[in-house]
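> can't give you the sequence, but here's the structure:
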């Protein structure tokens, strides 16, 4: 078959970050433009310890199309490449808790809202400062299911209905003042 539909996502984020002692905090809002899925919106908070591997805990709350909670715990490390350019490696695990079964449900019981370890992510990217205010960050990631429920949910939401792991990439452009 000739499949011409492509799943696409564009994220727009407004965030505020600050340092407090040995930690960095951020809070913000994300608008997800999802094609062909329904667009949605999230609020988030995160905390990073500025130590070896920079452990980061983030909590996201979908307030629109898919009400629920998505919590991640990750580690990362950046290696200098040239000047201010860095090679960035990361790994994270997540837990997804849907507010209702109509959003995400357990495959064996469509009346039970999904609540389980969801996905793991391994990533590699670059951080390239363009000037004092603008940074470009291309990234390539591999996401995989962390539980049987996650495998079922990820397959059900995959393009062909058979995939529970994905390789994907993107480019983030950020401006900081």
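Here it is on my side, so go on. Please read all numbers here as calculations on a predicted model, not as lab measurements. Numbers count the residues shown, from 1 in each chain.
> any weak-confidence spans in the protein?
Applying pLDDT under 70 to the chain flags residues 1-7.
> again, only this time at 50
1-2 (pLDDT under 50).
> Where do the helices of it begin and end?
148-157 (DSSP state H).
> What ranges does it have for its strands?
Counting by DSSP state E, the chain has strands at residues 8-20, 23-35, 40-49, 56-62, 68-82, 85-98, 105-106, 109-113, 115-129, 134-145, 165-175.
> show me the contacts for residue 83.
Counting by C-beta atoms under 8 Å, 6 or more residues apart in numbering, residue 83 makes contact with nothing. Heads up, the C-betas are built off the backbone N, CA and C, glycines and all.
> switch to 10 Å and redo it
128, 129 (C-beta atoms under 10 Å, 6 or more residues apart in numbering).
> And for residue 129, nearest residue in space, chain neighbours not counted?
Excluding the flanking residues, the one nearest residue 129 by C-beta to C-beta, 6 or more residues apart in numbering is residue 84, at 4.7 Å.
> quick one, what contacts the one you found?
Residues in contact with residue 84 (C-beta under 10 Å, 6+ apart) are 127, 128, 129, 135.
> picking up where we left off before, with mean neighbour count and distance to residue 153 added, can I get the strands of the chain in a markdown table?
Shown next, in a markdown table, are these (neighbours: other C-beta atoms under 10 Å; distance: least, C-beta to C-beta, whole Å):
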| stretch | mean neighbour count | distance to residue 153 |
| --- | --- | --- |
| strand 8-20 | 11 | 17 |
| strand 23-35 | 15 | 16 |
| strand 40-49 | 16 | 16 |
| strand 56-62 | 17 | 15 |
| strand 68-82 | 15 | 12 |
| strand 85-98 | 17 | 8 |
| strand 105-106 | 18 | 8 |
| strand 109-113 | 11 | 11 |
| strand 115-129 | 17 | 8 |
| strand 134-145 | 15 | 8 |
| strand 165-175 | 12 | 13 |
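> Just send those back as a markdown table, with distance to residue 154 too.
What follows is those, written out as a markdown table (distance: least, C-beta to C-beta, whole Å):
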| stretch | distance to residue 154 |
| --- | --- |
| strand 8-20 | 15 |
| strand 23-35 | 15 |
| strand 40-49 | 17 |
| strand 56-62 | 17 |
| strand 68-82 | 14 |
| strand 85-98 | 10 |
| strand 105-106 | 13 |
| strand 109-113 | 17 |
| strand 115-129 | 7 |
| strand 134-145 | 5 |
| strand 165-175 | 8 |
